[in-house]
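1. Predicted model and sequence follow; I will ask about them next.
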There are 2 protein chains.
Amino acid sequence: MQTRSELLKDTFRKAAHAWELINKLHFTEEEARCLRKHIDQPSYADLHWGVFIPAIKGQATDAQQKKWLPLAYSQAIIGCYAQTELGHGSNVQRLETTATFEPSTDGFIVNTPTIAATKWWPGGLGKVSTHAIVHARLLTNGKDYGIHAFIVQIRSLEDHQPLPGITVADIGTKFGSRAYNSVDNGLLRFNNVHIPRENMLMRLATVTKEGKYVHSNVPTQLAYGAMVNVRKSIVMDASYSLARAVTIAVRYSAVRRQFGVQDGQPEMQVLDYMTQQSRLFPLLATAYAYRFLGQWMSSLYSDTMACFENNDFSTLPEVHACTAGLKSIATSTTADGIEECRKLCGGHGYLTSSGLPDLFAVYVPSCTYEGDNVILLLQVARYLMKTLKFLGSGKEPSGTAAYLSNVTELVSKNCEVAKESDWISPKTLRYAFEARSARLALKCATQIAAASTQDEGFSEASCELLGASRAHCELIIVTRFMGALEREIPGRGVKNQLQILCNIYALSLVTTRAGDFLMTGYLSPEQVELAKSQLRDLFKKVRHNAVSLVDAFDYTDFYLGSSLGRYDGNVYESLYNEALKDPTNASAVTEGYTEFIRPILKQQLGTSMSRL
Amino acid sequence: MQTRSELLKDTFRKAAHAWELINKLHFTEEEARCLRKHIDQPSYADLHWGVFIPAIKGQATDAQQKKWLPLAYSQAIIGCYAQTELGHGSNVQRLETTATFEPSTDGFIVNTPTIAATKWWPGGLGKVSTHAIVHARLLTNGKDYGIHAFIVQIRSLEDHQPLPGITVADIGTKFGSRAYNSVDNGLLRFNNVHIPRENMLMRLATVTKEGKYVHSNVPTQLAYGAMVNVRKSIVMDASYSLARAVTIAVRYSAVRRQFGVQDGQPEMQVLDYMTQQSRLFPLLATAYAYRFLGQWMSSLYSDTMACFENNDFSTLPEVHACTAGLKSIATSTTADGIEECRKLCGGHGYLTSSGLPDLFAVYVPSCTYEGDNVILLLQVARYLMKTLKFLGSGKEPSGTAAYLSNVTELVSKNCEVAKESDWISPKTLRYAFEARSARLALKCATQIAAASTQDEGFSEASCELLGASRAHCELIIVTRFMGALEREIPGRGVKNQLQILCNIYALSLVTTRAGDFLMTGYLSPEQVELAKSQLRDLFKKVRHNAVSLVDAFDYTDFYLGSSLGRYDGNVYESLYNEALKDPTNASAVTEGYTEFIRPILKQQLGTSMSRL
C-alpha cells in the first residue's frame, strides 16, 4: 500500500512516460488511447483525452476549436470537465455556479455562491489540470439562460499555482487501496473570476458583445450522438472488466479442490459443483453477451450519425432510451458480477493479490458516472410509457422497440414450451423476452393511467417501471447475442460454444427473473422448471470448455495481475511468493515490536508503556 | 492512506493503549471486549481474546488450562488459531499439516509437507503471535487419527524471532485501504518442529507416553455449544454493521435533494422517492430484524447449554442447522446491504469520508469466515432433507423446524389473502413463509428421491436446496421478529413502529422472493400484487420516522465516521472540510509537478524527460 501522494506521483510518472512514447513513436490517437488503457491505472490523462478534448470538439465553434485543440493536443494545457457540484449531480439544470456577463469587460464573472455549488468530482482537477470546462448558469441582462459551458484557466502555466479567485484541491481518498485513488478528483470554487467572453463554448448558443443571448442554428440533438458512442465504450468496458473477473474465477475454480471424493483421491474441482457453475457460467455468458452488444452499439452509433448528417433525428428517442438502459444494466450487472467472482474465489478472493478487490473498486463508479443507473432506467421507462401511449396513432415504434407494436398479441398468447429442449429455440426465447417486457410495460401503463395525475402515477409505479425497463434492456441484449450468431463465425466448433453461452445467458435470465415471467402469466411454474432443467444441461455442456472460453479473452498474466487467475494454474506458489514480497515481511521482527508488543509480553505495563 | 507498516504499527499502538487502560481500570472481560470493539480497527488482540483463549477453554484439559490460561490472560504469550491452509479451507478433514508422535522424545514432530499445506489466513499470526493453536493430522504408531489441535510456540519470548524450523510471515494486503489490513493475517510452515506431548489439546482425546491414542469420555458435541455462541455474535454484528450503513444512507437521503419540484422551490429529498424507499426501508427493517434475532439466539444458546449440561444433545442437529443458516443469511444480506447503502448515497458514497467503502471491505469476510455461506446453507439443506425423510417415523421435528410436521397441510392449502390489509396479519405472514419453505423443501426431496443415487440427486438439486434453506431461515427471522413484538415494548408508539418494520421485512421478502411463492403455487400473481401495494403503504408510514428509527441505533458521529451520516446533517461542509485535510492538499502545487507535469506543459519532452 502506497501513500496517496506516492500513488499519485507514480501515476504522473506513468502518464509522462506514456506521453513520451506516444510522441516518440508517432502514435495515432487510437494507438495512444490503447496504450493509456493498458497502463491499467486511471489518471488525469484519461479525462484530458477522453472528456476535455471531446467536449471542445462537440461544444466549441470551429474558431474556438482552432484555438484550443492544438493547445490540448500538445498538452500545452491540460484540461478537465467540471460539471457536477457537491450538491448537484444528475439534475444538471439545478447547478448553482454562475457565469454573469459583464459588458464593460466583455467577459463573464464566474462565481460559486454556496458550499453546495462547489465543483466536486472532476478527475484531473484536483492536482493537475490547468484548464477546466466549467458548467455554470449563464446570466446576462438580468436573465438566467440556464446551464452553459465555459473554459476557465485555473492554474498558472508558469508555476502551476492556482490563479487568483480560484480555490482548487483534491477531494481525498476513495474506495479501495488503489482503484481511482490514482486520479486527482478535485473540488473547485470561484470567487469573482473573470474570463473573456470567447471562453464560452458557443457552438449551440452565443452571447454578443452587448450581452444578447443568441441561439445558433446547430441542432441541439447533435450532442446526443457523442453520448451513444460513450455508452458503447462503457458497455465494451463492462465486457472487458467482467471477462477479467470471470477469467480469474474460472481458472481458480479449476485449480481449487474441495470435498466430494472418497479418501485417498484428490478432492473435487470446485468448478464441478452445480452451485459454482450456476453462479459462474451465467457471468461467463454475460461477458460474451456484452461483447456482441458493444459491437452492435458501434454500428448503431454509425447509423445514428449517418441519420444526423441528413438532419434526420427521428430515431433519437429510441436510440437514447436503448443506450441509456444498456449502460445501466451492463454496468450494474458487471459491478455485481465482479464481486460475485470474488466471492466465488472463497477467502483468497479477499487478497489484493487475487486482483479482484481492486477490479471491483475501480469498476463500481461506472454505475454512477455518465448517468446514475437508476435514473437512466427511469428514462427508459418514460420512453416505454410514451411509446405505448402513442401506439396505433401512426407513430409506430422502431428499432429495439419495434416489438411493442405487436403488444396485443404479446399480452395474450402464452408460452408453448412443453419440454426442456423447446427452450433452446431462438424464436421461443425471443418471444418470451418480448412478452415479458411488453406485459410489464403495459401493466405499468395501466397503473399510471389509474392514478390521479400522471406524475403521481409514475412516481408510485417507479419500482415496477424499473422492472419494465430492465426487461426491455435484457430483451435487447438477448436478441443482439442471437443476432450475432446468425452470422458466420470462424473456427471449428466456436459457434456451437457461443450458441450454448447465448442459451445460458437467456435461460439464466428466465430463471432468475422467474417472478416477472410468472407474475405476467406468460410462463407456468412447470415451464420455469423446464428452463432450470435445460440450464443445468447447458452448464454440463459448457463445463468442459469453460477454461478455454476464458482463455479466449486472451488476457496476459501481467495484465490480469492475479495470483488466482494465472494461466499456468500455479496458484498456491504464486500466492505464497506474492505474500513474501509484502514490505511488512522485510524483517522477521515487526516494526512496532519494541514499543508496543514487547512491553506487553514482558509485563512491563505502566513502566515503559506509560508514555504511550 | 497509510502504508501497511504504518497502519500495523498504529494498530499495535492502539491495542497496547487499550491493554494499559484495561489493566489500569481493572476492566472485566466483557468490558475489555467492549473497549476493543469500540477501537473499531481489527487487530491481533481480537484473535487472541476471541479465538485463542476460547479454544484453550474448549479443547484443553483442566490441567492444560491451568498452565496456559494465566499466560494468555496476562498476555505473557499472545496466541492465534491456525487451522486453514493455503489449499484447504472448509474441508477441515483434508488439512495436510502433520503432527507425528515420537516416543523417544515424548513429543510430536510438526511438519508442513506441501505448499498447499502452509497455514494461511490466521489473524495475529503474521507479525505478532508467540504461540499458535495448530490443527494437524495426528499420526502415531503409523496410523492417521485425523485432525487435532496442538499449541506450538512460534516466536521467541525474548527477541520475537521465529523459532528454528518455523517460517512465519504476513500474507500481504487485502480488500480496502484499511479494513482488515490492520490485522497481520499470516502464513506458517513447519520443518520438523518438536513440541512436547502435553501441547496436544487433550480434552477430547489423548496420546499416551507409549503413543496410544485414547478417547476421553467428554462428549464431542460440547464443541458445538461454543459455535452457537459465535454465530449469535455474528448475527448481532450483522445488525450493528447494517444499522451503521443504514444510518448513513437514511440521514444522507434526508439531506440530499434532487429533481422533482417546480422552479424556484428546493428539489425533493431523495428519501421521498419510492425507488429509494424500496431499497432502503427493507434494509432498515432488516437491521432491526437481526437485532431481535440475535437476542433470541442468546436465549437459544443458554437453552442449548442447559440441555448439554444434562447430557441432552437431542436438540443439537436442529440448533446447528438453524444457526448455520442464520449466520449465512445474515452475513450475506448485510454485506450486500452495506454496498446497497453505499450505492444509495450516489457518487459521494464512493468517498472514503462517507465511511461506507471501509465498512463494506471490513464486513465482507464474514461471508467466508466461521463457515463459507454457501456450504452452511447446504448443511441446512441436509438437515431439512433428513427431517422430511423421518417425518412420521416418530422423530418429530422440534424448535425452528417444528412446522415441518404440518407439511401435508402446508403443501395443499393455498393463501387466502384477498385484499391488501390481509397481508399484515402475523398469522397470514407466518403461514406464507412456512408454506414456501415446506413446499420448496418437499420439491427438493422429491427431486432427490428421483435421482439414481442420493448423492447425485443432492448435487444435481443443490441450487434448489440453497433456495429451500434460505426460505427456512427467512421464516425463522420473520417469526422471531414477530415473537419479539408479542412482548411488552416500552416507549409510546415504539411498538407500532416496530410492527411496521416487521411487516416491511416480511413483505419485502414476499415480493423479492415472489418467484418462490409463485413457483410453489402458494400465492397467485394477484396476491403478490396486493403485497407490493401493501408494502408501498408501509413505506409511506415509515417515511416520517425513518430518521428517528436510525437515530435510535444511537451511533455517535465519531463512531460512524461518515461525513454523509452526520447527526446534524451538515453533509457538504463536512465533505469539504474532510477533503482539505487530505495530505495531497498540503501544498497547492502537487508533488511530482516538476518531474512529470511541467515538462509536458512546457513541451520539453525528450530533453528533461528523457531520463524517465
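-> Perfect, I can see it now.
2. alpha carbons only for contacts and neighbour counts from here, please
-> Will do.
3. The longest helix along chain A and chain B, any residue contact?
-> Of all the segments of type helix in chain A, defined by DSSP state H, the longest one is helix A:274-309. Yes: counting by CA under 8 Å from any CA of the partner chain, chain B has neighbours in helix A:274-309: A:274, A:275, A:278.
4. Which strands and helices lie in contact with that helix?
-> For helix A:274-309, the elements it packs on are helix A:222-255, helix A:316-344, helix A:462-484, helix A:494-512, helix A:525-543, helix B:462-485, judged by 3 or more CA pairs under 8 Å, 6 or more residues apart in numbering or on different chains; DSSP states H and E.
5. Let me know which of the ones you listed is the nearest to residue B:4.
-> Between residue B:4 and the helices and strands packed on helix A:274-309, the shortest gap by CA to CA is with helix A:316-344, which sits at 22.2 Å.
6. And the closest one, what's buried?
-> Residues A:316, A:318-344 are the ones in helix A:316-344 that count as buried (16 or more other CA atoms under 10 Å in any protein chain shown).
7. ok, now stretch A:521-532?
-> By 16+ other CA under 10 Å, the buried positions in stretch A:521-532 come out as A:521, A:522, A:523, A:524, A:525, A:527, A:528, A:529, A:530, A:531, A:532.
8. Which parts of chain A are strands?
-> Secondary structure of chain A (DSSP state E): strands at A:79-82, A:98-102, A:107-111, A:119-120, A:131-140, A:143-153, A:166-170, A:186-190, A:193-196, A:205-207, A:213-215.
9. What are the contacting residues of the shortest one?
-> Translated: strand A:119-120. A:82, A:83, A:84, A:85, A:86, A:171, A:185, A:186, A:187, A:188, A:189 (CA atoms under 8 Å, 6 or more residues apart in numbering or on different chains).
10. List the buried residues in stretch A:393-411.
-> Per 16+ other CA under 10 Å, stretch A:393-411 contains these buried residues: A:397, A:400, A:401, A:403, A:404, A:405, A:407, A:410, A:411.
11. related to what we said a few turns ago, from the chain's centre, how far out does the longest helix of chain A sit?
-> Mean-position distance between helix A:274-309 and its chain equals 13 Å (CA atoms, centre = their mean, to the nearest Å).
12. Next, the angle from that helix to helix A:525-543.
-> Regarding helix A:274-309 and helix A:525-543, their directions subtend 90 degrees when assessed with axes from the mean of the first three to the mean of the last three CA atoms, to 10 degrees.
13. So for helix A:274-309, mean pLDDT?
-> Mean pLDDT, computed over helix A:274-309, is 97.
14. next one: stretch A:99-110
-> For stretch A:99-110, mean pLDDT rounds to 98.
15. before we move on, back to that, identify, from the residues of helix A:274-309 next to chain B, the entry nearest to chain B.
-> When these are compared for distance to chain B (CA to the nearest CA), residue A:275 comes out closest, at 5.7 Å.
16. what's the first-to-last distance across stretch A:576-589?
-> Stretch A:576-589 has its terminal residues 19 Å apart, counting by CA to CA, to the nearest Å.
17. Dump the buried residues of stretch A:393-411 to CSV, plus distance to residue B:93 and pLDDT.
-> Converted to CSV, the buried residues of stretch A:393-411 look like this (distance: CA to CA, whole Å; pLDDT from 0 to 100):
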residue, distance to residue B:93, pLDDT
A:397, 62, 92
A:400, 55, 97
A:401, 56, 97
A:403, 57, 98
A:404, 58, 97
A:405, 61, 96
A:407, 58, 96
A:410, 55, 98
A:411, 55, 96
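18. Farthest-apart pair in these, please.
-> Greatest spatial distance among these (CA to CA): A:400 and A:411, at 18.0 Å.
19. which residue sits closest to residue A:219, ignoring its sequence neighbours?
-> Excluding its sequence neighbours, the residue lying closest to residue A:219 (CA to CA, 6 or more residues apart in numbering or on different chains) is residue A:204, at 7.6 Å.
20. One more: residue A:383?
-> Counting by CA to CA, 6+ apart, the nearest residue to residue A:383 once its immediate chain neighbours are dropped is residue A:321, at 6.4 Å.
21. any idea how far chain B is from residue A:176?
-> Distance, residue A:176 to chain B, by CA to the nearest CA, to the nearest Å: 4 Å.
22. can you check residue A:268 too?
-> Applying CA to the nearest CA, one obtains 11 Å for the distance of residue A:268 from chain B.
23. Number of residues surrounding that residue?
-> Residue crowding around residue A:268 was assessed by other CA atoms under 10 Å in any protein chain shown; the count is 17.
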